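In: fold the stuff below for me.
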Amino acid sequence: MLIKTKTLARLAAAILAVGSLTLSSAFAQDATTTVIEEKTTTTTIVAETTTAPAEAAAEPTMEQRIAGLEAYINNIDPAGSKIAGVAGPGHNAWQMTSAALVLFMTLPGLALFYGGLVRAKNVLSILAMCLGIAGMVTILWWAVGYSLVFGTNFASPFLGGTEFFFLKDVGAAPNTTYAYWISQSIFCIYQLTFAIITPALIFGATAERMKFWAVMLFTALWMFVVYFPLAHMVWGGTGLMNGVWNADAVIPAIDFAGGTVVHMSSGWSALLLCILLGKRLGFGKTQMPPHSMVLCMVGTGMLWVGWYGFNAGSALAADGIAANAFLTTTLAAAVGAFVWAVMEACFKGHPSILGFCSGAVAGLVVVTPAAGFVDATAAVILGVVAGIVPFLAVTYLKSLIGYDDALDTFGVHAVGGTLGALLTGVYANSAVNANLVSDAYAAKNGLKAAIEGGTLWMVQLQAIGLTLALALVGTFIVTMIVKFTIGLRPSPEDEAAGLDISDHGEEGYILNK
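Out: A predicted model of the protein is given here:
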């Protein structure tokens, strides 16, 4: 809601009293830059600029300054306000915090969550996987990944472009295709943290039986075949399924923070990979309990806290939409944790710490695509669904089909992410997020009509189907390449001894030696 002009005038006057010198120097610097650039063009233009110094150094009017302040507060386009192309300190600060929180989800959140769930002889393999993926994906992101996802010069609905290869021209100024007030450098790093955690989720399903270098090669190929194209299709400026920000989107679907891009892609890829890889030695014959539920619970807490950066940070501003995502994230996670524990008490006779942890993560997964689009009541409903359906998938579907999803990546992320993507189409509310019915984008690509006609869930089904197809086909191709080049699994002897020793020459615990 726009702030009244009189209030803005008083606020602007107060700010100007303290910061007028800073603003004046900034605008003067802009003017000086303009003159210097013109001097490099022709001698004639130099003469023209020197004869009109007052015009070149003209101060912005009070109306222009108020317009810029209003744009900053409301997170809208500041064009014409004399501060276009400048990152806003408050929004930038929240985005830097969010980037750190999402990285915190992988290092150490996911590392401890997954690490606690494996047997002691494989705990370091999980930590090495998280660290290795973080390093390698960062290199890929710097070289080409960011540009392939968020570039636009291909003018393609499937891939971005080449303009940001090696992060060329990615600096402090915002890329206004995506955010008016966030430095592109920060936006780039924020999106990198999503690219890091997504493939790391996959290997929960294959824990304890896939070689380290096979994990690395699989990840490198999978990023190009699955993640980069899918992320562009959903979030890129020319993306096929970017219903909120692409007026030409063919499938005007919505995904606030990664239900399709992160959870569906990783979860369904995990299912296929664990089937193609085969079961762990002794699976179904030997008990394989988690070696440390304490580590698992600590990791869960870190994931939950980090998820505020994941969901609320996806607003790309410290605004009301971010606040709504913060609220809905909390509700869904808490409800999911409690309902899962209640389901365990009903079906197994007691609630477990693993159940609380699984329920919290399931609630976070289900609300991810919806966080900035739904209200509090819808978030509670999503939490209830997250505590029931993934519980049934993990408890009964896995044993019924017989696949060895070691850490329940499919049951939580694939099932939860798919549910979340579909239910986002049911509960998305334009009163929560007006971008769902904007004239600039949603009215042109059909999103507004789908919202108002109650058919968005059908659009979401199309996005779900395309995500499934890309993840499964891409994963099959990548798995076969790795299998027939360097191989997927360690020798039976190495697997029995544990991947900590065979892959890394270390042990996680030496207290008894």
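
In: in the stretch 1-150 of the chain, which spans are helices?
Out: Under the criterion DSSP state H, counting those that start in this stretch, the stretch 1-150 of the chain contains helices at 5-39, 43-51, 53-56, 62-74, 89-104, 111-117, 123-140, 146-150.

In: ok but Ala318 is inside a strand, no?
Out: No. Residue state for Ala318 (DSSP: H, G, I helix; E, B strand; the rest coil) corresponds to coil; a strand is not indicated.

In: and the nearest residue to it once chain neighbours are set aside, how many neighbours?
Out: Nearest non-adjacent residue to Ala318, counting by CB to CB, 6 or more residues apart in numbering: Trp94, 3.9 Å away. For every residue, glycine as well, the C-beta is placed using N, CA and C. As a burial measure, Trp94 scores 23 neighbours (other CB atoms under 10 Å).

In: just Ser314 next, same as before
Out: Ser314: 24 neighbours (other CB under 10 Å).

In: hang on, it packs against Thr328?
Out: No. In this structure, Ser314 is not within contact of Thr328 by CB atoms under 8 Å, at 11.8 Å.

In: overlap in contacts, those two.
Out: Overlap of the contact sets of Ser314 and Thr328 (by CB atoms under 8 Å, 6 or more residues apart in numbering) consists of Ala371, Gly372.

In: what lies in contact with stretch 273-292?
Out: Identification of contacts with stretch 273-292 by CB under 8 Å, 6+ apart yields 115-120, 123, 202, 205-206, 208-210, 218, 296, 354, 403-406, 410, 475-476, 479, 483, 488-489, 492, 495-496.

In: just the buried residues out of these, in PyMOL syntax.
Out: Entered in PyMOL, the line below selects the buried ones among those, by 16 or more other CB atoms under 10 Å:
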select buried, resi 115+116+117+118+119+123+202+205+206+208+209+210+218+296+354+403+404+405+406+410+475+479+488+489+495
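
In: from the contacts of stretch 273-292, which land in strands?
Out: Assigned to strands by DSSP state E, none of those qualify.

In: now do the contacts for the most centrally placed residue in the chain.
Out: Closest residue to the average C-alpha location of the chain: Phe194 at 4.1 Å, with CA atoms, centre = their mean. Contact partners of Phe194, counting by CB under 8 Å, 6+ apart, are Val102, Ala231, Gly258, Val261, Val262, Phe310.

In: likewise Thr198?
Out: Thr198 makes contacts with Tyr227, Gly258, Val261, Val262, Ser265, Ser266, as judged by CB under 8 Å, 6+ apart.

In: could you measure from it over to Asn242?
Out: Distance of Thr198 to Asn242, given as CB to CB, to the nearest Å: 18 Å.

In: then Trp94?
Out: From Trp94 to Asn242 the distance is 23 Å (CB to CB).

In: do the same with Phe150
Out: Distance, Phe150 to Asn242, by CB to CB: 11 Å.

In: overlap of the contact sets of those two?
Out: By CB under 8 Å, 6+ apart, the residues touching both Phe150 and Asn242 are Trp235, Gly236.

In: follow-up on the earlier one: which residues touch the residue nearest to Ala318?
Out: With contacts defined as CB under 8 Å, 6+ apart, Trp94 is in contact with Gly313, Ala317, Ala318, Ala322.

In: burial check on Ala449, number of neighbours?
Out: Residues contacting Ala449 under the criterion other CB under 10 Å number 15.

In: show me what the helix or strand harbouring it is in contact with.
Out: Secondary structure from DSSP states H and E places Ala449 in helix 447-453. For helix 447-453, contacts defined as CB under 8 Å, 6+ apart pick out 243-244, 249, 252, 254, 428, 430, 436-438, 441-443, 455-456, 458-459.

In: pull the contacting residues for Ala378.
Out: The contact partners of Ala378, taken as CB under 8 Å, 6+ apart, are Thr328, Ala370, Tyr427, Asn429.

In: what about Ala323, neighbour count?
Out: Neighbour count of Ala323, defined by other CB under 10 Å: 13.

In: looking at it, it is touching Ala312, isn't it?
Out: Yes. Proximity of Ala323 to Ala312 meets the contact threshold set by CB under 8 Å, at 7.4 Å.

In: by neighbour count, which of the contacts of Thr198 wins?
Out: Within the contacts of Thr198, most neighbours by other CB under 10 Å means Ser265, with 32 neighbours.

In: thought that residue was touching Met233?
Out: No. Look at Ser265 against Met233 with CB under 8 Å: they stay out of range, at 10.9 Å.

In: from Ala79, how far out is Ile126?
Out: The gap separating Ile126 from Ala79 is 48 Å, by CB to CB.

In: those two: which has the busier surroundings?
Out: Between Ile126 and Ala79, Ile126 has the larger neighbour count (other CB under 10 Å), namely 27 against 14.

In: who's in contact with the more buried one?
Out: Residues near Ile126 by CB under 8 Å, 6+ apart: Ala111, Tyr114, Gly115, Val118, Phe203, Ala207.

In: which of the residues you listed sits closest to Thr176?
Out: Ala111 (35.8 Å; CB to CB).

In: kindly provide the distance from that closest one to Ile126.
Out: Going from Ala111 to Ile126 by CB to CB gives 6 Å.

In: let's see which of the contacts of helix 447-453 end up in helices.
Out: Residues of the contacts of helix 447-453 located in helices (DSSP state H): Ala442, Ala443, Leu456, Met458, Val459.

In: please enumerate the helices of the stretch 401-513 of the chain.
Out: Applying DSSP H, counting those that start in this stretch to the stretch 401-513 of the chain gives helices spanning 409, 415-427, 442-445, 447-453, 456-483, 492-497, 499-504.

In: the contacts of Thr198 in helices, which ones?
Out: The helices, defined by DSSP H, take in Ser265, Ser266 from these.

In: and stretch 497-512, what's buried?
Out: Under the neighbour-count criterion of 16+ other CB under 10 Å, stretch 497-512 has Gly498, Leu499, Asp500, Ser502, Asp503, Gly508 buried.

In: flag every buried residue along stretch 144-164.
Out: Buried residues in stretch 144-164, counted by 16+ other CB under 10 Å: 144-152, 154, 156-161, 164.

In: quote the end-to-end distance of it.
Out: Start-to-end span of stretch 144-164 (CA to CA, to the nearest Å) is 7 Å.

In: how far does the helix or strand that contains Phe187 sit from its chain's centre?
Out: Using DSSP H and E, Phe187 falls within helix 184-202. On the basis of CA atoms, centre = their mean, to the nearest Å, helix 184-202 sits 6 Å off its chain's mean C-alpha point.

In: returning to what we had before: redo the buried residues of stretch 497-512 as TSV? Include pLDDT and distance to Leu131.
Out: Output for these, formatted as TSV (pLDDT from 0 to 100; distance: CB to CB, whole Å):
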residue	pLDDT	distance to Leu131
Gly498	97	18
Leu499	98	14
Asp500	97	14
Ser502	96	18
Asp503	97	13
Gly508	95	14
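
In: thank you, goodbye.
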